[in-house]
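1. Build me a structure from this.
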Amino acid sequence: MTAEWRETFRLWSRTEQHTRALHEARAIIERALESAQKPYIAYSGGKDSTVMAHLVLQYVPDTMVLHWDYGRAFVPEPIQREILRNARLIGVRNLRIETSPLYAKLGRRAQNVLGKHMIGKLLPQLAAEGYDLAFVGLRKQESSKRAIRLRTNKALSVIPECHPLANWDWRDVWAYIVTHKLPYLSLYDQRAELVGYNLVRFTTLFDPEFEHFGALAIDNFLHWRYRNETHP
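-> Residues are numbered from 1 along each chain as shown. Next comes the predicted model:
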């Protein structure tokens, strides 16, 4: 990130809007922790989940942080290492990594695995283990689909969800990262040069699911080294 962008986000952190967003997020987390007995944090390694995890861990440092591993065909090894390193740097003590054997078996032919194996099997298992709340870093601004999900408060499973960043602007996310000196994936800066920090997002690479977002074109341009990495 350039010095100019860092200063832009530092200035945004001093605005009334960011102060309100931060206070709201903390209030949501505090209320959730008053009722939840065994919460966990969903952590993808993206910017939003990084901020949310850091916020929640300030209250309960030992909260379990759940990371779903999409396999090396979708998240190449250097990026996966960054994700796990960043988790440690933001203070994650209790990291749980789950995945599906289909990623190693099928490579990029492994489609709809998240729904079947994570949502369909893992989340009910977590509920059986006693987890009663999931902190999820979704924001309404990201897409109309997510805005609807947040408005209707529709959880992915029987475990209720808490969304502390639901009303945050993209500038709030980056302002928090910059002012708290949080680590973030290096691919954000690479992609931001093409689409801007307002639109940049972290997704699985060379994934047909995100073709309608133009992600494949960006992947081919920036991450061509991983184009043929279809197996672990």
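
2. use CA for all of it now, contacts and neighbours both
-> Fine.

3. Can you tell me who residue 67 pairs with across the strands?
-> Per DSSP bridges, the residues bridged to residue 67 are residue 97.

4. for this structure, what spans make up the helices?
-> With helices called from DSSP state H, the chain shows them at 3-13, 16-35, 47-57, 77-89, 101-106, 113, 123-128, 144-152, 170-179, 187-195, 215-222.

5. Now do the contacts for residue 4.
-> Neighbour list for residue 4: empty [criterion: Cα atoms under 8 Å, 6 or more residues apart in numbering].

6. Rebuild the helices of the chain as CSV, extending it with mean pLDDT and distance to residue 158.
-> CSV is the format used below for these (pLDDT from 0 to 100; distance: least, Cα to Cα, whole Å):
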stretch, mean pLDDT, distance to residue 158
helix 3-13, 96, 36
helix 16-35, 96, 16
helix 47-57, 97, 21
helix 77-89, 96, 26
helix 101-106, 88, 24
helix 113, 84, 19
helix 123-128, 92, 7
helix 144-152, 71, 15
helix 170-179, 97, 28
helix 187-195, 90, 33
helix 215-222, 76, 31
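
7. Could you single out the most deeply buried of these?
-> helix 47-57 (a mean of 22; mean count of other Cα atoms under 10 Å).

8. Out of the helices of the chain, which gets nearest to residue 70?
-> helix 101-106 (6.6 Å; Cα to Cα).

9. Contacts for the helix or strand following that closest one next, please.
-> Sequence-wise, the next helix or strand downstream of helix 101-106 (DSSP states H and E) is helix 113. For helix 113, contacts defined as Cα under 8 Å, 6+ apart pick out 100, 102.

10. can you give me how far helix 113 is from the chain middle?
-> Relative to the mean C-alpha coordinate of its chain, helix 113 is positioned 18 Å out (Cα atoms, centre = their mean, to the nearest Å).

11. how far away is the closest residue to residue 110 other than its chain neighbours from residue 82?
-> Spatial nearest neighbour of residue 110, excluding adjacent residues (Cα to Cα, 6 or more residues apart in numbering): residue 103 at 5.8 Å. As judged by Cα to Cα, to the nearest Å, residue 103 and residue 82 stand 19 Å apart.

12. Could I get the helices of the chain in JSON lines, plus columns for distance to residue 136?
-> Below are the helices of the chain laid out as JSON lines (distance: least, Cα to Cα, whole Å):
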{"stretch": "helix 3-13", "distance to residue 136": "22"}
{"stretch": "helix 16-35", "distance to residue 136": "11"}
{"stretch": "helix 47-57", "distance to residue 136": "7"}
{"stretch": "helix 77-89", "distance to residue 136": "15"}
{"stretch": "helix 101-106", "distance to residue 136": "23"}
{"stretch": "helix 113", "distance to residue 136": "19"}
{"stretch": "helix 123-128", "distance to residue 136": "13"}
{"stretch": "helix 144-152", "distance to residue 136": "11"}
{"stretch": "helix 170-179", "distance to residue 136": "14"}
{"stretch": "helix 187-195", "distance to residue 136": "20"}
{"stretch": "helix 215-222", "distance to residue 136": "23"}
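
13. which one of these lies closest to residue 65?
-> helix 47-57 (7.8 Å).
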